[in-house]
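[1] sequence unavailable; structure follows:
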């Protein structure tokens with residue numbers, strides 16, 4: 001299943017009376033929740049690549065820095081149009097040093113799961129990757145795990161307020177991660193590249 005299929009499945013399977021869970025009309029492009037999920041992966045891919053490129057004697061980046069700096073649109077911009085492959089290969093890939101789409105997806109997913117584990121949500125995150133039922137995550141636990149800088153960056157990129165953003169992510173992130181890890185493990189970069 002491709003990444004676009006996964007996002008469409010999540011949107012179609014949302015709560016019918018929740019406008020954040022509905023698919024956006026084609027003329028409007030991607031829904032804010034889908035944009036938030038992709039931006040979240042991009043943020044963690046960028047952090048992951050920065051850590052990999054940083055010399056061992058230097059920190060990976062400024063603690064508490066603006067995580068949206070360097071994303072398309074910078075501070076408060078929006079992810080541009082085009083299809084998902086163009087977005088990951090072109091715009092986000094360029095931001096991430098020309099990284100392949102699989103690298104962005106794989107690195108972002110791995111970075112996100114590592115962040116959840118480090119913030120005390122390891123059992124929850126493992127349930128999303130594993131083959132059993134997905135554990136829920138509360139909006140408060142998700143906000144604590146992601147941190148205010150990431151929440152602010154996601155809010156700026158999607159135009160969603162904090163409450164709607166956390167509601168949409170807490171409802172959709174477990175299934176999103178689950179569907180990106182159908183074999184109970186992170187996809188390889190090659191497998192992730194085929195998803196895009």
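    Thanks, I have it. Note that the structure is predicted; figures quoted are calculated from it, not measured.
[2] can you read off the pLDDT for residue 35?
    The confidence metric pLDDT takes the value 88 at residue 35.
[3] isn't residue 41 right next to residue 112, touching?
    Yes - judged on C-beta atoms under 8 Å, residue 41 makes contact with residue 112 at a distance of 6.7 Å. Placement of C-beta: from N, CA and C, glycine included.
[4] helices or strands up against the host helix or strand of residue 193?
    Residue 193 belongs to helix 189-195 when assigned by DSSP states H and E. Helix 189-195 sits against helix 101-116, with contacts defined as 3 or more C-beta pairs under 8 Å, 6 or more residues apart in numbering; DSSP states H and E.
[5] now the helix it packs on: buried residues?
    Neighbour-count burial for helix 101-116, counted by 16 or more other C-beta atoms under 10 Å, picks out 101-113, 115-116.
[6] one more: stretch 156-176?
    Applying a neighbour-count criterion of 16+ other C-beta under 10 Å, one finds 156-158, 160, 164-176 buried in stretch 156-176.
[7] show me those that map onto helices.
    Among the buried residues of stretch 156-176, DSSP state H puts 156-158, 164-176 in helices.
[8] quick check: of those residues, which lies closest to residue 2?
    Comparing those against residue 2 with C-beta to C-beta places residue 176 closest, at 13.2 Å.
[9] okay, and the nearest residue to the closest one once chain neighbours are set aside sits in which element?
    Counting by C-beta to C-beta, 6 or more residues apart in numbering, residue 176 lies nearest to residue 37, which is 5.3 Å off, once chain neighbours are set aside. Element membership of residue 37 [criterion: DSSP H and E] is helix 32-53.
[10] what angle sits between that helix and helix 101-116?
    Counting by axes from the mean of the first three to the mean of the last three C-alpha atoms, to 10 degrees, helix 32-53 lies at 90 degrees to helix 101-116.
[11] by contact count, what packs against helix 32-53?
    The criterion is 3+ C-beta pairs under 8 Å, 6+ apart, and the helices and strands that helix 32-53 contacts are helix 3-12, helix 101-116, helix 148-158, helix 162-180.
[12] residues touching residue 173, list them.
    Residue 173 makes contacts with 37, 40, 128, 137, 142, as judged by C-beta atoms under 8 Å, 6 or more residues apart in numbering.
[13] the first one and residue 177 touch, don't they?
    This means residue 37. No - if you go by C-beta under 8 Å, residue 37 and residue 177 don't touch, sitting 9.4 Å apart.
[14] count the residues that sit near the closest residue to residue 182 other than its chain neighbours.
    If the residues on either side of it in the chain are set aside, residue 182 comes closest to residue 1, at 7.2 Å by C-beta to C-beta, 6+ apart. Close neighbours of residue 1, defined as other C-beta atoms under 10 Å, add up to 11.
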